[in-house]
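In: the following comprises the amino acid sequence and a computationally predicted model.
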Amino acid sequence: MNFKSIALAVLLVFFIHVENVNAAGFALYEWGARGTAMGGTMIGRADDPSAVAYNPAGITQLEGTQTMVGFSVVAPEGKIDTPNETTRIKSNYWIPPHAFLTHQMTDKAWLGMGLYTRFGLGTEFGDDWEGRYNNIFTRVRSFSFNPNIAYQLTDCLSVAVGAEVMWFDMYRKSGIHPTLQATHPRNQMEVDGDSYGFGGNIGLHYNPNDRWSIGLTYKSRVKHTIKGDAKFKNYPVGWFDDTSAKGDITLPDSFGFGIMYSPYERLTLEANAIYTLWSTYKEFKVKFGDPQPGFLGADTISSDKKWKDVWRFQLGMEYDLNQLIDLRLGYVYDQIPDKDRYADYMTPTNDRHIINAGIGFNWEKASLDLSYSYLWFANRKVDNDVIGEAKFKDGRTHLTGVSFTYRF
């Protein structure tokens, strides 16, 4: 067995092992420790295997066959003030993985494949907390397989097109309010299901000279019909029955733009803007296989979301200290899509700021990249018909990442 076969086997074992790990946040961009350390500014440069996720047109810069594997560790924290108590979000660690493979097929054509996480969410509270009727535990997991073909049209211009197969899994646990004829104060409902959805992407990369490069990307929306089960706990006999459940969700499409500038040989600077059409997320609806007497005979429950389209702005720099070491910094401003009128405890956050730093170690055929990010958001007061009066505060997240790249 040659070295390429061994490397592929290691990749498969790695992803078989981690396919069920969780991820934090709803839209994720931790697709490589190098890119994360620079605030995700890889749309313009797109010059390592993680370009498959950031801008696949850039893989035409990669000679031969190259692979990258890695993961991030995400540790979110936060508190919520409600009228009668202050509740801390339960501490958890989420671990989104990534793996990429690129191969130069001809002088003009490249193949790139990616396995990575684009969407994830994890918020957990105690069973008896004051906001339990909206959310006790929500977990969203996704995993995408993304093959791409990139073609070099000229020495300066490349394009790429890709397909995406996304696995999406959702679990939600919440209390059932006594006003809905559930008489026990700890009535609970658990809904768990998954789905496969399909999408696509395109990319463009323009590199007129050694100082400038520009990237454009588009990722399509992905529609899911989630099918699974609904289970009920601590309810009076005859009020609820465990049954099947399903719901639809459309994950958003997005546009990305990046421009990189190198003022001199050892320093690169980049700025990115990403526009995500979260207005696809209009409501959260669950349809049960059987009508539920505890819900007045209804077979469907729903809540409005009506999220808005948002921007994410990214700045990053990389300094080539010497042949062995690269130093990196980044900053991100990330708008939230939920409006105050519909804010809830599934995503208790505000517009986010992220500072990033990292280091890369380079050898002839291999690279090791490490990153650290600190995310925080300002306190946010909401008062609406969904959750009443609340304050999201002390929100912060620590993120660490590691990626290993090998060039065959």
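Out: Received, thanks.

In: going forward, measure contacts and count neighbours with C-alpha atoms only.
Out: Fine.

In: how about the backbone phi and psi for R211?
Out: The phi/psi pair for R211 (degrees, to the nearest 10) reads phi -100, psi -30.

In: okay, now it: neighbour count?
Out: 15 (other CA atoms under 10 Å).

In: three-state assignment of the closest residue to it other than its chain neighbours?
Out: In space, and not counting its chain neighbours, R211 is closest to S262: 4.7 Å by CA to CA, 6 or more residues apart in numbering. Recorded secondary structure, S262: strand (DSSP: H, G, I helix; E, B strand; the rest coil).

In: contacting residues around S262?
Out: Neighbour list for S262: 210-212, 268-269 [criterion: CA atoms under 8 Å, 6 or more residues apart in numbering].

In: go with 10 Å
Out: Residues near S262 by CA atoms under 10 Å, 6 or more residues apart in numbering: 210-213, 268-270, 317-318.

In: can you put those residues in a markdown table and add secondary structure, distance to T60 and pLDDT?
Out: Formatted as a markdown table, the contacts of S262 follow (DSSP: H, G, I helix; E, B strand; the rest coil; distance: CA to CA, whole Å; pLDDT from 0 to 100):
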| residue | secondary structure | distance to T60 | pLDDT |
| --- | --- | --- | --- |
| D210 | coil | 15 | 89 |
| R211 | coil | 17 | 94 |
| W212 | strand | 16 | 96 |
| S213 | strand | 13 | 97 |
| T268 | strand | 19 | 97 |
| L269 | strand | 21 | 98 |
| E270 | strand | 19 | 98 |
| M317 | strand | 22 | 98 |
| E318 | strand | 21 | 98 |
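
In: can you pick the most crowded of those?
Out: Neighbour tally across these (other CA under 10 Å): the maximum, 26 neighbours, falls on E270.

In: strands of the stretch 51-200 of the chain, start to end?
Out: Here the stretch 51-200 of the chain has its strands, by DSSP state E, counting those that start in this stretch, at 65-82, 85-88, 97-104, 109-116, 121-124, 137-152, 157-175, 188-206.

In: quick check: bridge partners of D326?
Out: Applying DSSP bridges to D326 gives these bridge partners: D320, G360.

In: wait, it sits on E318?
Out: Yes - counting by CA atoms under 10 Å, E318 is a contact partner of D326 at 6.7 Å.

In: common neighbours of those two, please.
Out: In contact with both D326 and E318: 34, 266-267, 358-360, using CA under 10 Å, 6+ apart.

In: in JSON lines: the residues you listed, plus pLDDT and distance to G395.
Out: Formatted as JSON lines, these follow (pLDDT from 0 to 100; distance: CA to CA, whole Å):
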{"residue": "R34", "pLDDT": "97", "distance to G395": "25"}
{"residue": "R266", "pLDDT": "94", "distance to G395": "36"}
{"residue": "L267", "pLDDT": "97", "distance to G395": "33"}
{"residue": "G358", "pLDDT": "98", "distance to G395": "23"}
{"residue": "I359", "pLDDT": "98", "distance to G395": "26"}
{"residue": "G360", "pLDDT": "98", "distance to G395": "29"}
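
In: who wins on neighbours among those residues?
Out: R34 (32 neighbours).

In: for that one, what is the enclosing helix or strand?
Out: According to DSSP states H and E, R34 maps onto helix 33-37.

In: what packs against that helix?
Out: Contacts defined by 3 or more CA pairs under 10 Å, 6 or more residues apart in numbering; DSSP states H and E place helix 33-37 against strand 65-82, strand 310-320, strand 325-334, strand 352-362, strand 366-377, strand 388-407.
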